[in-house]
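[1] Pasted the sequence and its predicted model underneath.
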There are 2 protein chains.
Amino acid sequence: MRVLVTGAAGMIGRKLTARLAVDGHLGGKALTALILHDIVAPPRPDVAIPVIDLASDFADLATAEELIGHRPDVVFHLAGVVSGTAEANFDLGYAVNLDGTRRLFDAIRLSGLHPRVVYASTAAVFGGPFPDVVPDDFAPTPLSSYGSQKLIGEVILSDYTRRGFMDGVGLRLPTICVRPGKPNGAASSFFSGIIREPLNGQPAALPVHRDWVHTHASPRAAVGFFIHAGSMDTSPVGSRRNLVMPGTSVSVGEQIASLTRIAGPRVAALIHEAQDPAVWAIVKTWPQRFAATRARDLGFVAETSFDEIIEAYITEELGGRLPEFA
Amino acid sequence: MRVLVTGAAGMIGRKLTARLAVDGHLGGKALTALILHDIVAPPRPDVAIPVIDLASDFADLATAEELIGHRPDVVFHLAGVVSGTAEANFDLGYAVNLDGTRRLFDAIRLSGLHPRVVYASTAAVFGGPFPDVVPDDFAPTPLSSYGSQKLIGEVILSDYTRRGFMDGVGLRLPTICVRPGKPNGAASSFFSGIIREPLNGQPAALPVHRDWVHTHASPRAAVGFFIHAGSMDTSPVGSRRNLVMPGTSVSVGEQIASLTRIAGPRVAALIHEAQDPAVWAIVKTWPQRFAATRARDLGFVAETSFDEIIEAYITEELGGRLPEFA
């Protein structure tokens, strides 16, 4: 089984590649090659099978053809520019997220390979107003260029699957939490920050109300979604190929209660409230809960509590240890 | 007011152009130029204002830029290849319906003109299974390349409107009935054929069950949708710019009862049942009724009975006269 990962140097891309390398198989079929692509050289996993690592601009005309020339059986398409960048840089967002994706799918179409294609989409395909729980068949009306571009990729994936060019599955991912690394400029950054910074002994600002509910999945759960989508039997999926992924819906207050339970009050005390009307103005337009019924029925599994999400972070990023001062 | 019509030689394009020529204004603002485009030269209306008529391939790279170079205030974008063609010819469908539309919208974006853009979309953005009445917020999951391409155009129109490049409105049109002219290869052709052929003294085959319900709007109503969308106040539309148009939902039996009422039993007797499993296999996957609540609330008006639809055909295509033998 030859596996291609685009966006392989990104946070999920690295974790997905590492998981594939450890497993040595996908859905019971032995890996025979890993083809890794990103705009910078992706980290090379320590495996005995051939690893082809390529660094180029995903928006380049030649990239898709080169990648598919390596004849993958499964394609994990994670490459893309993030929402803030796609909003700030109109041309870049459309060039990478729309044109790059379409070229990849067209290279697949013209190859005749008919691979499984797992596409990183997003809950940002949805735009409000929202019901309390967003059902699987809620009409996507994105309110960002990123969400629009991802939605267009979904439509092409679905049509190309229907026409028999690929066996595509789109994953509408919830917010990934706890993200390792540094805070970024995203309005959602604090959802990870209020857990990650205190666990690293740093203060963290809470810019919104404690009763605001949001849906999260850990990086580990997200990797699990990709692995499952890459290996599942797709015959029960039917014609609706883009699936809302499950997650754990909790209030910010419940996030903090989990942190207190797991790491103690001294860690949780590093969070200080600092209402930020600009952040709140964005966050309050987001959906809060998703039914994700079809994905659960198809075997996608997320955490069942925010405690598990924090524990996943401590295991994967802190070597299983709480900070000294906790 | 400078008005561009793409697809101006098509059935709706010709009727829309004729209506604009007769009215001499759009929403009370005098027309100052008509810019008409199609792959063949569109008919020139008899008007005192300048008419620019252009014939070129809508898929050509230069077409969009040339059209927008004529600085339209309102763009009616009707150009496209029809569903059967888009399904049979993959490259042509994506080149015209997706790339052509995107180039037109990009030429608008780069022009800085911020025109009203009225986009001919389709109820074929929806794919089953369907509820009895398809609500406005039913998630579009097209089951044809045509529906996929039209949906992608909708998403771009919506994002470009949100970003302030245009003031776009997409119209999801129901089946247009009674289409003048000859039968075509579309599975929906018989909905018009069973009315048009008998009114022209010709026999017509009925390939499906009489109790099958379908939603129709006359060509006249469709022109009305475009005129209204081109001149309405769009501030109440909000961020969801693609609207399900209203129509008249009737069974095939009710269509025939209308024909009998209006043209008499001798005309209706020209219809003969000839069940066609291939046609039925397609038709039975189609939605039957649409709520179209938002469009109605925004002032879009369709016929309220199938009698009106037949009368529109007799007025527009038969000079108001029933056939001699009726």
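    Good, I have the coordinates.

[2] wait, what's in contact with A:Gln288?
    A:Gln288 is in contact with A:130, A:132, A:212-215, A:249, counting by C-beta atoms under 8 Å, 6 or more residues apart in numbering or on different chains. From N, CA and C alone the C-beta is placed, and that goes for glycine too.

[3] thought A:Val117 was touching A:Thr101?
    No - with contact defined as C-beta atoms under 8 Å, A:Val117 does not reach A:Thr101; the gap is 10.2 Å.

[4] Now the common contact residues for those two.
    In contact with both A:Val117 and A:Thr101: A:His77, using C-beta under 8 Å, 6+ apart.

[5] could you dump the contacts of A:Gln288 to JSON lines with pLDDT?
    Below are the contacts of A:Gln288 laid out as JSON lines (pLDDT from 0 to 100):
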{"residue": "A:Phe130", "pLDDT": "95"}
{"residue": "A:Asp132", "pLDDT": "95"}
{"residue": "A:Trp212", "pLDDT": "96"}
{"residue": "A:Val213", "pLDDT": "97"}
{"residue": "A:His214", "pLDDT": "97"}
{"residue": "A:Thr215", "pLDDT": "98"}
{"residue": "A:Ser249", "pLDDT": "98"}
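
[6] Pull out the buried members of the residues you listed.
    Buried residues within these, defined by neighbour count using 16 or more other C-beta atoms under 10 Å in any protein chain shown: A:212, A:214-215, A:249.

[7] of all of the stretch 151-300 of chain A, which residue lies closest to chain B?
    Using C-beta to the nearest C-beta, the closest approach of the stretch 151-300 of chain A to chain B is made by A:Asp159 at 4.0 Å.

[8] taking the mean pLDDT, what do you get for the longest helix anywhere in chain A?
    As assigned by DSSP state H, the longest helix anywhere in chain A is helix A:145-162. Mean pLDDT, computed over helix A:145-162, is 97.

[9] Would you mind naming what in the stretch 51-200 of chain A lies close to chain B?
    Applying C-beta under 8 Å from any C-beta of the partner chain, we find that the stretch 51-200 of chain A lies next to chain B at A:90, A:127, A:137-143, A:145, A:148, A:151-152, A:155-156, A:158-159, A:162-163.

[10] Buried subset of these as a PyMOL selection?
    Buried subset of those, written as a PyMOL selection, criterion 16+ other C-beta under 10 Å:
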select buried, chain A and resi 127+137+138+139+140+141+142+143+145+148+151+152+155+156+158+159+162
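
[11] Using PDB, list the CA coordinates for stretch A:90-107.
    Taking Å, rounded to 0.1, in the frame of the first residue of the first chain, the C-alpha atoms of stretch A:90-107 are listed here in PDB:
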ATOM      1  CA  PHE A  90      -7.400  36.300  -1.500                       C
ATOM      2  CA  ASP A  91      -5.200  35.000  -4.300                       C
ATOM      3  CA  LEU A  92      -3.100  32.600  -2.200                       C
ATOM      4  CA  GLY A  93      -6.200  31.000  -0.600                       C
ATOM      5  CA  TYR A  94      -7.900  30.300  -3.900                       C
ATOM      6  CA  ALA A  95      -4.600  29.200  -5.600                       C
ATOM      7  CA  VAL A  96      -3.800  26.700  -2.900                       C
ATOM      8  CA  ASN A  97      -7.100  25.600  -1.400                       C
ATOM      9  CA  LEU A  98      -9.100  25.600  -4.600                       C
ATOM     10  CA  ASP A  99      -6.800  25.300  -7.600                       C
ATOM     11  CA  GLY A 100      -4.200  23.100  -5.800                       C
ATOM     12  CA  THR A 101      -6.900  20.700  -4.600                       C
ATOM     13  CA  ARG A 102      -8.600  20.600  -8.000                       C
ATOM     14  CA  ARG A 103      -5.300  19.900  -9.700                       C
ATOM     15  CA  LEU A 104      -4.600  17.100  -7.300                       C
ATOM     16  CA  PHE A 105      -8.000  15.600  -7.900                       C
ATOM     17  CA  ASP A 106      -7.600  16.100 -11.700                       C
ATOM     18  CA  ALA A 107      -4.200  14.400 -11.600                       C
END
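
[12] For that stretch, which outside residues touch it?
    Contact with stretch A:90-107 is made by A:6, A:58-59, A:61, A:63-65, A:67-68, A:75, A:77, A:79-81, A:85-87, A:117, A:119, A:145-146, A:149-150, A:152-153, A:156-157, A:160, A:165-166, B:163, as judged by C-beta under 8 Å, 6+ apart.

[13] No further queries at this time; thank you.
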